[in-house]
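Visitor: Here you go, sequence then predicted model.
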Amino acid sequence: MKVHLKIKRFNPEKDKKPYWGEYDIEADEGDRVLDALQTVKWTIDGTLNFRRSCAHGICGSDAVRINGRNVLACKLLIRDAVKNGQITVEPILGLPLIKDLIVDMEPFFAHYRAVMPYLINDTDPGERERLQSPEERARYDDTTKCILCACCTTSCPSFWARGEYVGPAAIVQAHRFIFDSRDEGAAQRLQVLAEPDGVWRCRTIFNCTEVCPRDIQVTKAIGEVKRALITGKLD
Ligand code: SF4
Ligand code: F3S
Ligand code: FES
């Protein structure tokens with residue numbers, strides 16, 4: 001099928017502001033939008049810049065805004081993306097633009113680091129590993145699926161309004177450890193999330209849940225963290 005691609009382009013060395021680059025390609029309807037971007041780069045304009053690695057929805061590096069919605073370019077089929085023969089591709093919003101579809105992820109990862117996304121427990125684990133029941137493991141299973149793609153945080157109006165907001169992805173990562181029975185750092189993480197730019201900046205808008213490519217119940221996880229802050233309980 002013929003596809004008309006409109007891709008936001010920006011080269012800070014020569015462009016004052018981003019503009020739409022327009023490209024006509026031939027594609028299979030079962031191809032992914034990532035394939036279409038690669039076709040443009042490999043056959044029309046080698047200067048097009050975008051991130052990608054695994055091409056299978058695992059690494060989380062190719063989050064872009066396609067037809068106004070955050071997705072992984074490697075997970076969206078062309079036949080599902082094309083509207084009136086056209087697909088628009090833009091960088092995700094709310095992070096500094098570096099070039100074309102590439103944004104600076106450092107502010108996103110700074111929020112991630114702020115919630116201490118690692119097991120905190122200084123006690124001796126004993127002869128074997130720290131044990132956990134299937135029920136205890138299930139308590140935080142959903143939030144273990146996060147691949148840090150940033151689709152959620154960069155579709156959140158609260159984050160667009162204030163980049164200091166820690167954002168849904170960081171809260172999901174905090175949730176993964178706060179509700180892990182082996183972890184003892186919940187109080188430290190909840191203290192970070194109780195700050196003005198913590199969890200209360202979430203206005204329950206749900207964009208994060210709608211775009212998560214891993215189908216994580218992001219808003220539910222945020223609600224559970226809010227409840228833990230109010231009640232002081234981790235049930
Ligand atoms: Fe991506 Fe979902 Fe993780 Fe957000 S919660 S970073 S959308 S995988
Ligand atoms: Fe934003 Fe999601 Fe809350 S979109 S306001 S973090 S429910
Ligand atoms: Fe890895 Fe799309 S390239 S998730």
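Guide: Everything's here; your move. Ligands and ions are numbered 1, 2, ... in the order given.

Visitor: If the nearest residue to Gly85 once chain neighbours are set aside is in a bridge, with which residues?
Guide: Leaving aside its sequence neighbours, Gly85 sits nearest to His4 (C-beta to C-beta, 6 or more residues apart in numbering; 5.5 Å). Any C-beta I mention is one placed from the backbone N, CA and C, and that applies to glycine too. Beta-bridge partners for His4, by DSSP bridges, are Asp24, Gln86.

Visitor: List the buried residues of the helix or strand that contains Ala170.
Guide: Using DSSP states H and E, Ala170 sits within helix 167-178. Under the neighbour-count criterion of 16 or more other C-beta atoms under 10 Å, helix 167-178 has 167-178 buried.

Visitor: One more: stretch 106-116?
Guide: 107-108, 111-112, 114-116.

Visitor: Put together JSON lines for those residues, with secondary structure and distance to Thr219 on each row.
Guide: Output for these, formatted as JSON lines (DSSP: H, G, I helix; E, B strand; the rest coil; distance: C-beta to C-beta, whole Å):
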{"residue": "Pro107", "secondary structure": "helix", "distance to Thr219": "22"}
{"residue": "Phe108", "secondary structure": "helix", "distance to Thr219": "19"}
{"residue": "His111", "secondary structure": "helix", "distance to Thr219": "17"}
{"residue": "Tyr112", "secondary structure": "helix", "distance to Thr219": "19"}
{"residue": "Ala114", "secondary structure": "helix", "distance to Thr219": "20"}
{"residue": "Val115", "secondary structure": "coil", "distance to Thr219": "17"}
{"residue": "Met116", "secondary structure": "coil", "distance to Thr219": "22"}
